[in-house]
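**Q** coords please:
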Amino acid sequence: MPKRTSVTGSELFIVDNSEENWKVLRYLHDWCQISKAIDIATAYFEIGSLLALDSE
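**A** Below is the predicted model of the structure:
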């Protein structure tokens, strides 16, 4: 996971599936372990991808 550069949490971080070892599913899985809420903005939405995180 990238190192945090801002203490306010206001920086924008974009994740896509273009990197072989850094997929959106992995990023969301990691964040589910340490956060209480996640805001997601997307142009393409597939409900099946969130179902993979159901138990998180």
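
**Q** now do the lengthiest helix in the chain: everything it contacts.
**A** The longest helix of the chain (DSSP state H) is helix 24-34. Residues from elsewhere that reach helix 24-34 (Cβ atoms under 8 Å, 6 or more residues apart in numbering): Met1, Val15, Asp16, Asn17, Ile38, Ser49, Ala52, Leu53, Glu56. To be clear about C-beta, it is placed using only N, CA and C from the backbone, and glycine gets the same treatment.

**Q** just the buried residues out of the residues you listed, in ChimeraX syntax.
**A** Command for ChimeraX, covering only those of those found buried under the criterion 16 or more other Cβ atoms under 10 Å:
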select :15
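
**Q** now the contacts of helix 24-34 as a markdown table including pLDDT?
**A** As requested, these are exported to a markdown table (pLDDT from 0 to 100):
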| residue | pLDDT |
| --- | --- |
| Met1 | 55 |
| Val15 | 77 |
| Asp16 | 78 |
| Asn17 | 79 |
| Ile38 | 78 |
| Ser49 | 71 |
| Ala52 | 78 |
| Leu53 | 75 |
| Glu56 | 72 |
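
**Q** most widely separated two among the contacts of helix 24-34?
**A** Spatial extent of the contacts of helix 24-34 (Cβ to Cβ) is set by the pair Asp16 and Glu56 at 20.0 Å.

**Q** in helices only, show me the contacts of helix 24-34.
**A** Ser49.

**Q** could the contacts of helix 24-34 be laid out in a markdown table, adding distance to Trp31?
**A** Converted to a markdown table, the contacts of helix 24-34 look like this (distance: Cβ to Cβ, whole Å):
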| residue | distance to Trp31 |
| --- | --- |
| Met1 | 8 |
| Val15 | 10 |
| Asp16 | 15 |
| Asn17 | 16 |
| Ile38 | 6 |
| Ser49 | 14 |
| Ala52 | 14 |
| Leu53 | 10 |
| Glu56 | 9 |
